[in-house]
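Chemist: Model the following, please.
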Amino acid sequence: MATALLIIDMQDGMAERTAAGRPRANPQAEAHCAALLAEFRARGLPVLHVLHDDPDPQSPFRRDSALGQPMACARPAPDEPVFWKTGSSAFAGTGLDAELRRRGIDRIVLIGAVAAFCVTSSVRAAADLGFQVLLPGDALIGFDIPAHDGGRIDAETVLRVTLSLLGADFARLTTAAELPGLL
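Modeler: Alright, predicted model coming up:
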């Protein structure tokens, strides 16, 4: 089974949200991301990056914005492809699917941000496209969200529900520490 690491939206805007005090789950996500990136590179396994380029000119998540650049824990190496997306899924309009298939990849390890949004969309799309997905939940950034009926849902609960939904049908849940043994 050919496996690749897919890093989604680990951009400086996420670090800014955290530094500004936005409640989030997984304070060690960046360290886990860096460790998995180092593991894949050491093993010579493919690493692909997907970054968000929001069409809204006011968004910090733009290709030409300082906050749209990759976080230090997830900077691409010169030989690692970078795909820019304008929507939620890493697969919509990016050419990612074709690149994975060209490389013979049939299993992806998906890490990054934000768990309940772009990560969820990407995991579901990957599963729909026939890829096996390994999802180390502790290598995902998750934030709190507003509740549909008022108030807020805390970041830990959002992440727990997100992982429960994805693990039920779309991905095999794991941790960053367990993952090397699965490669």
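
Chemist: Hmm, residue 56 and residue 86 touching each other?
Modeler: No - the pair residue 86 / residue 56 is not scored as a contact, 9.8 Å apart, by CB atoms under 8 Å. Just so you know, the C-beta spots here come from the backbone N, C-alpha and C atoms, and that holds for glycine as well.

Chemist: More neighbours: the two, which one.
Modeler: residue 86 (14 against 9; other CB atoms under 10 Å).

Chemist: how much space is there between the more buried one and residue 167?
Modeler: Going from residue 86 to residue 167 by CB to CB, to the nearest Å gives 28 Å.

Chemist: again, but for residue 137
Modeler: 8 Å.

Chemist: How about residue 60?
Modeler: 31 Å.

Chemist: can you list the weak-confidence ranges in the chain?
Modeler: Within the chain, no stretch has pLDDT under 70.

Chemist: In it, what residue spans correspond to helices?
Modeler: 12-19, 29-43, 96-102, 120-128, 155-169 (DSSP state H).

Chemist: so which of these comes closest to residue 147?
Modeler: helix 155-169 (10.0 Å; CB to CB).

Chemist: mind saving the C-alpha coords of the closest one as CSV?
Modeler: What follows is helix 155-169, C-alpha atoms only, in CSV (Å, rounded to 0.1, in the frame of the first residue of the first chain):
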residue,chain,number,x,y,z
ALA,A,155,-13.1,23.1,21.1
GLU,A,156,-12.7,19.8,22.8
THR,A,157,-16.3,18.8,22.2
VAL,A,158,-16.1,19.9,18.6
LEU,A,159,-13.0,17.8,18.0
ARG,A,160,-14.5,14.8,19.8
VAL,A,161,-17.6,14.9,17.7
THR,A,162,-15.7,15.5,14.5
LEU,A,163,-13.4,12.6,15.1
SER,A,164,-16.3,10.4,16.1
LEU,A,165,-18.1,11.1,12.9
LEU,A,166,-15.0,10.7,10.7
GLY,A,167,-14.0,7.5,12.5
ALA,A,168,-17.4,6.0,12.1
ASP,A,169,-17.2,5.7,8.3
